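Visitor: one predicted model, sequence on top.
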Amino acid sequence: MRESLIVISHEPLREFAQAMLLGAKVPEDKARLVAESLVEANLRGVDSHGVQLLNFYIDHILMGCVDVHAEGHVVSESGGAMVYSGDNGLGQVVAHAACEHAIRLAKAHGVSLVTVREANHFGAAAFWSQKIARGGLIGISMCNATPLVPPWQGREPRFGTNPICMALPGAADRSWLLDMATTTVAMGKIFKAHFSGQPEIPPGWAMDSQGVPTTRTEEAIKGMPMPLGGYKGSGLAFMVEILVAVLSGGAMSTEVGGIRIRSRPMRCGFAFFGVDVSRYLPIEEFQARMDRLIELVKNTPPAPGYHEVLVAGEPEWRNKEERLRNGIPLSKGVWEELIKTASKVNAVPPAVVER
């Protein structure tokens with residue numbers, strides 16, 4: 001039986017997301033930024049980091065766990081290094097300010113690292129790496145999050161899904177772009193399966209609450225995502241935690257709140273790196289070399305069952321082209337959850353098409 005879908009164009013969806021945030025008393029400019037970041041994820045097909053996050057964001061705001069007016073402040077700056085405090089502001093607002101600093105510092109010093117503490121969920125990491133890349137730099141972003149993932153050999157959560165993302169300068173929307181969780185999948189994909197009423201998820205995605213692998217969605221919701229590649233994903237999550245939490249002086253591991261810990265501020269940390277390519281070689285040469293590298297990879301004969309070799313970012317570009325033309329499909333379950341959340345803040349949903 002095929003899943004029932006709601007289809008909506010990106011602009012009405014952005015306006016609806018913004019209206020929900022405005023209803024939660026988020027200032028207009030900040031609501032616009034958050035809505036833009038979420039709908040951009042939906043356009044790219046990364047629905048786990050799209051508007052379904054509003055169900056969590058709005059609840060967390062209404063509980064008084066987020067300061068919707070805060071913008072953060074510089075704690076310290078030295079050369080290309082900065083520590084930034086988000087002051088419990090909206091994650092996207094804090095990330096926007098920190099990325100501006102990362103761009104400025106990298107252009108002044110060649111490389112930059114802005115590490116951030118005391119913030120909230122910033123959406124998809126790609127949105128921020130691409131922002132840095134549009135500043136003419138290699139952009140790298142990462143964050144920690146709600147502790148949902150056990151360390152390798154453990155059965156209690158200690159890490160978030162702790163994503164790592166890298167984007168390249170030039171055509172930042174159409175260049176190589178890696179955005180990956182340090183778990184097999186982002187927790188948002190499991191939530192999407194839950195909202196959509198899917199009883200099963202693929203093997204290797206999650207464990208139950210006792211640390212036993214499961215394909216049952218409801219067991220996975222109460223359980224834990226699996227580290228990517230076992231001890232390797234666990235090591236990468238630890239690396240992210242060092243850069244965004246230890247180095248920033250912020251909340252670490254179980255000190256972070258969020259999706260399952262909504263009764264207190266999230267307190268997550270970010271890290272943004274900027275690398276000025278022109279300090280190493282002319283940007284045109286860099287782009288030509290990247291084109292050659294991508295061509296060498298894509299010229300690989302496809303393995304059985306595949307008709308081409310894709311590089312990081314390519315599926316998302318294709319999704320965006322298709323969804324700009326034909327609208328964004330959301331599962332009926334996700335849409336119904338959004339309608340429930342909208343009712344809490346008196347936001348009126350737009351007309352949609354069901355198919």
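Guide: Yep, it's here.
Visitor: residue boundaries of the strands in this structure?
Guide: When assigned using DSSP state E, the strands of the chain occupy the ranges 5-8, 73-78, 81-85, 111-119, 138-143, 164-167, 177-180, 206-207, 213-214, 224-225, 268-275, 328-331, 353-354.
Visitor: okay if I get these as JSON lines plus mean neighbour count, distance to residue 339 and mean pLDDT?
Guide: In this view, the C-beta of every residue, glycine as well, is placed from N, C-alpha and C. Below are these laid out as JSON lines (neighbours: other CB atoms under 10 Å; distance: least, CB to CB, whole Å; pLDDT from 0 to 100):
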{"stretch": "strand 5-8", "mean neighbour count": "19", "distance to residue 339": "10", "mean pLDDT": "94"}
{"stretch": "strand 73-78", "mean neighbour count": "12", "distance to residue 339": "37", "mean pLDDT": "98"}
{"stretch": "strand 81-85", "mean neighbour count": "20", "distance to residue 339": "36", "mean pLDDT": "98"}
{"stretch": "strand 111-119", "mean neighbour count": "25", "distance to residue 339": "28", "mean pLDDT": "98"}
{"stretch": "strand 138-143", "mean neighbour count": "27", "distance to residue 339": "29", "mean pLDDT": "98"}
{"stretch": "strand 164-167", "mean neighbour count": "24", "distance to residue 339": "31", "mean pLDDT": "98"}
{"stretch": "strand 177-180", "mean neighbour count": "20", "distance to residue 339": "29", "mean pLDDT": "96"}
{"stretch": "strand 206-207", "mean neighbour count": "24", "distance to residue 339": "27", "mean pLDDT": "86"}
{"stretch": "strand 213-214", "mean neighbour count": "18", "distance to residue 339": "30", "mean pLDDT": "90"}
{"stretch": "strand 224-225", "mean neighbour count": "26", "distance to residue 339": "27", "mean pLDDT": "84"}
{"stretch": "strand 268-275", "mean neighbour count": "27", "distance to residue 339": "28", "mean pLDDT": "98"}
{"stretch": "strand 328-331", "mean neighbour count": "22", "distance to residue 339": "11", "mean pLDDT": "95"}
{"stretch": "strand 353-354", "mean neighbour count": "10", "distance to residue 339": "13", "mean pLDDT": "82"}
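Visitor: ok, which of those strands comes nearest residue 34?
Guide: Residue 34 sits nearest to strand 111-119 of all the strands of the chain, at 12.8 Å, using CB to CB.
Visitor: just checking: what are the partner strands of the closest one?
Guide: strand 81-85 (parallel), strand 268-275 (antiparallel) (DSSP bridges).
Visitor: adding distance to residue 237 as columns, could you present those strands in CSV?
Guide: Below are these laid out as CSV (distance: least, CB to CB, whole Å):
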stretch, distance to residue 237
strand 81-85, 21
strand 268-275, 13
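Visitor: now the helices for the chain?
Guide: 10-23, 28-43, 54-62, 91-109, 125-134, 187-195, 217-222, 231-241, 283-298, 314-326, 332-344 (DSSP state H).
Visitor: mind putting the strands of the chain in TSV, distance to residue 198 included?
Guide: Shown next, in TSV, are the strands of the chain (distance: least, CB to CB, whole Å):
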stretch	distance to residue 198
strand 5-8	13
strand 73-78	43
strand 81-85	39
strand 111-119	31
strand 138-143	27
strand 164-167	27
strand 177-180	23
strand 206-207	13
strand 213-214	13
strand 224-225	16
strand 268-275	28
strand 328-331	9
strand 353-354	18
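Visitor: quick one, which of those is nearest to residue 66?
Guide: Per CB to CB, nearest to residue 66 of those: strand 111-119, 9.8 Å.
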